[in-house]
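Asker: only geometry, no sequence info:
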């Protein structure tokens, strides 16, 4: 049922091209659970077929992600923690989720906005503690766009290489099915494995960046007058 709903949404908005990418990534980046894989991987595949421009597709994806993140930032800033927890349950967001996001943001500071965009299950909600903390908006936009950009580019590349390996006759419905169903084909399993490997690689990258960041500030010497 969930897969059919997502496929219907993707097919409906997909006809809008780059605007459709923006809208779907806006949804994915806000408080509504929606897999970015079913948006940007098909976009990458369409880039392979020559139906889309890679640069414009990436820009649309990043812009949509930033817009959704700004919505979450504004909601947190405008309504506060209690409101988000009270109504978040209707969007699969709980008090436990908020506590995890706040703890992550407190430990890692502003860089969490960047690395949080690279972690599944975190990227959609990391904007909330940033809004509650009234993080500088320019820095928020920069780190959000940087983190979202890395993920968007990776997904587009996966989509492009789906075309390289499986050919131009591969159906986009198979890509959507790979992420919305448990009963998947061998080709769909391969796509899901590529994405899983990319996700694990990003986790390693996040760990390295976090360690370097912490060590930098720990051993940074104060400037002498």
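Answerer: Yep, it's here. This structure is a prediction, so every number in the text was calculated from the model and none was measured.
Asker: contacts and neighbour counts: CA atoms only from here.
Answerer: Fine.
Asker: any low-confidence regions in the protein?
Answerer: 1-14, 33, 80-109, 217, 220-225 (pLDDT under 70).
Asker: now the helices: where do they sit in it?
Answerer: In the chain, the helices defined using DSSP state H lie at 2-14, 18-29, 37-48, 54-88, 95-108, 111-116, 127-132, 137-166, 172-180, 186-219.
Asker: Make a markdown table out of these and add mean neighbour count.
Answerer: A markdown table is the format used below for the helices of the chain (neighbours: other Cα atoms under 10 Å):
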| stretch | mean neighbour count |
| --- | --- |
| helix 2-14 | 15 |
| helix 18-29 | 24 |
| helix 37-48 | 26 |
| helix 54-88 | 20 |
| helix 95-108 | 16 |
| helix 111-116 | 25 |
| helix 127-132 | 26 |
| helix 137-166 | 20 |
| helix 172-180 | 20 |
| helix 186-219 | 14 |
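Asker: how close does residue 180 sit to residue 152?
Answerer: Residue 180 sits 19 Å away from residue 152, going by Cα to Cα, to the nearest Å.
Asker: Same question for residue 66.
Answerer: Distance, residue 66 to residue 152, by Cα to Cα: 12 Å.
Asker: Next: residue 79.
Answerer: 30 Å.
Asker: How about residue 35?
Answerer: Taken as Cα to Cα, the span from residue 35 to residue 152 is 12 Å.
Asker: do residue 219 as well
Answerer: From residue 219 to residue 152 the distance is 33 Å (Cα to Cα).
Asker: likewise residue 70?
Answerer: Counting by Cα to Cα, the gap between residue 70 and residue 152 amounts to 17 Å.
Asker: now swap in residue 22 and tell me
Answerer: 12 Å.
Asker: what sits in contact with each of the two?
Answerer: Residues touching both residue 22 and residue 152 by Cα atoms under 8 Å, 6 or more residues apart in numbering: 61-62.
Asker: Quick check: closest non-adjacent residue to residue 60.
Answerer: Distances taken as Cα to Cα, 6 or more residues apart in numbering place residue 22 nearest to residue 60, at 5.0 Å, with adjacent residues excluded.
Asker: Pull the contacting residues for the one you found.
Answerer: 60-65.
Asker: just residue 192 next, same as before
Answerer: So residue 192 contacts 178-179 (Cα under 8 Å, 6+ apart).
Asker: Also residue 63?
Answerer: 22, 26, 145.
Asker: Sort out which one of those residues lies nearest residue 172 for me.
Answerer: residue 22 (18.1 Å; Cα to Cα).
Asker: how close does the closest one get to residue 212?
Answerer: Separation of residue 22 from residue 212 (Cα to Cα): 33 Å.
Asker: repeat for residue 180
Answerer: Taking Cα to Cα, one finds residue 180 at 36 Å from residue 212.
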